[in-house]
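Trainee: what's the 3D shape of this:
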Amino acid sequence: MATKPIRRNTVIPGFGPTLGYTVFYLSLIVLLPLSALVVKTASLTWPEFLSTVAAPRVVASYKVTFGAALAAAGVNAIFGLLVAWVLVRYRLPGKRLIDALVDLPFALPTAVAGITLSSVYAANGWLGSVLEPRGIKVAFTPVGIFVAMTFIGLPFVVRTVQPVLEELEEEIEEAAACLGATRWQTFRRVLLPELLPALLTGFALAFARGVGEYGSIIFIAGNMPMVSEITPLLIITKLEQYDYAGATAIATVMLLFSFLMLLTVNLLQKWSRRHTA
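Mentor: Numbering: from 1, shown residues only. Below you'll find the predicted structure:
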């Protein structure tokens, strides 16, 4: 007599349908557009692909985009940690207002952010009128791109590090001080190992947002080829010229570079967790 197979209850009810919907949703939203990108790029021959993605103007846009995004993410990693530290560890007037202002780049339309930054840093703006007489020009230069990427990337670092800081009890700092550790030793050997994975995550998010940013940059960049032209703008230019294969080829290279960068950050996160466990 055949026995009925025993059906084991899963921890999550409806796990099968939920997993199927998740895979379907990710395929529809993520995998399908990326597949279309690769398929369209494949319409080019290898020499055509290389001539498109390695043109001097395109290479210059890579350097501007990835260089500014990397620099802005690094600055945000440092100052985002400081902002999160102040919000968690100190009581100060207007703390809730400052905490709300951190999320302003999330809520502000990117075009509005770009117009605002260009107005502030222009030669007749509040800050531009002070900086330009001293030889520091921000608006319509690569420095303006860096400023815009820093503005939009700061919340990613703050909101990633802040919950981890809130979980760290102040008693561990007091214990380190009682054992004779200086403030720098306490930060480097006690706090930083716990904060490093979250800090790397915030860095990666800020970098990815900076690489793909368009709206807030075009108003302050100047958009000069070989000088201050970002890669997303070059892709838009290719699309306006009906060069869809060229646009997808450049987008594929950006996707590959971003993936390698994020993979490196994830490997660093894994390494830091292993050495702090």
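
Trainee: which parts of stretch 192-207 are buried?
Mentor: 194-207 (16 or more other CB atoms under 10 Å). Where you see a C-beta, it was placed from the backbone N, CA and C, and this is true even at glycine.

Trainee: Next step: those residues restricted to helices.
Mentor: Among these, DSSP state H puts 194-207 in helices.

Trainee: would JSON lines of the buried residues of stretch 192-207 with distance to L101 be doable?
Mentor: Shown next, in JSON lines, are these (distance: CB to CB, whole Å):
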{"residue": "E194", "distance to L101": "26"}
{"residue": "L195", "distance to L101": "22"}
{"residue": "L196", "distance to L101": "26"}
{"residue": "P197", "distance to L101": "26"}
{"residue": "A198", "distance to L101": "21"}
{"residue": "L199", "distance to L101": "21"}
{"residue": "L200", "distance to L101": "25"}
{"residue": "T201", "distance to L101": "22"}
{"residue": "G202", "distance to L101": "17"}
{"residue": "F203", "distance to L101": "21"}
{"residue": "A204", "distance to L101": "23"}
{"residue": "L205", "distance to L101": "19"}
{"residue": "A206", "distance to L101": "17"}
{"residue": "F207", "distance to L101": "22"}
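
Trainee: Pipe those residues into TSV and attach pLDDT and distance to P142 per row.
Mentor: Conversion of those to TSV gives the following (pLDDT from 0 to 100; distance: CB to CB, whole Å):
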residue	pLDDT	distance to P142
E194	85	35
L195	88	30
L196	87	30
P197	85	31
A198	88	30
L199	90	26
L200	87	26
T201	87	27
G202	91	23
F203	91	21
A204	88	22
L205	88	22
A206	92	18
F207	91	17
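
Trainee: Out of those residues, which is nearest to T45?
Mentor: When these are ranked by distance to T45 (CB to CB), F207 comes first, at 32.2 Å.

Trainee: okay, which residue is most central for the protein?
Mentor: By CA atoms, centre = their mean, the chain has its centre lying nearest to A206, at 2.1 Å.

Trainee: In contact with it, which residues?
Mentor: A72, A73, N76, A77, G80, M149, G153, L154, F156, V157 (CB atoms under 8 Å, 6 or more residues apart in numbering).

Trainee: what helix or strand is A36 on?
Mentor: Assigned by DSSP states H and E, A36 belongs to helix 32-41.

Trainee: residues of that helix that come out buried?
Mentor: Of the residues in helix 32-41, those buried (16+ other CB under 10 Å) are L37, K40, T41.

Trainee: Out of those, which is nearest to L239?
Mentor: Closest to L239, out of all of the buried residues of helix 32-41 and judged by CB to CB, is K40, at 11.6 Å.

Trainee: Contacts only, for that closest one.
Mentor: By CB under 8 Å, 6+ apart, the contact list for K40 reads Y244, A245, T248.

Trainee: what's the distance between S51 and R183?
Mentor: Look at S51 and R183: by CB to CB, to the nearest Å, they are 56 Å apart.

Trainee: Compare the two and say which is more crowded by neighbours.
Mentor: When S51 is set against R183 and neighbours are counted by other CB atoms under 10 Å, the residue ahead is S51, at 14 against 10.

Trainee: could you give the angle of the helix or strand containing that one to helix 32-41?
Mentor: Counting by DSSP H and E, the element that carries S51 is helix 46-53. Interaxial angle of helix 46-53 relative to helix 32-41 (axes from the mean of the first three to the mean of the last three CA atoms, to 10 degrees): 110 degrees.

Trainee: For helix 46-53, buried residues please.
Mentor: Buried, per 16+ other CB under 10 Å, within helix 46-53: F49, T52, V53.

Trainee: got the contact list for that helix?
Mentor: T41, L44, V58, A245, G246, A249, I250, T252, V253.

Trainee: so what's the third one up against?
Mentor: Spelled out, it's V58. V58 touches T52, T231, L234, I250, counting by CB under 8 Å, 6+ apart.

Trainee: So the third one: helix, strand or coil?
Mentor: Going by DSSP: H, G, I helix; E, B strand; the rest coil, the secondary structure assigned to L234 is helix.

Trainee: isn't S258 right up against A208?
Mentor: Yes - between S258 and A208 there is a contact at 6.2 Å, judged by CB atoms under 8 Å.

Trainee: Tell me, how many residues neighbour the closest residue to L92 other than its chain neighbours?
Mentor: Among residues not flanking L92 along the chain, V86 sits closest, at 7.4 Å (CB to CB, 6 or more residues apart in numbering). Using other CB under 10 Å, V86 has 14 neighbouring residues.
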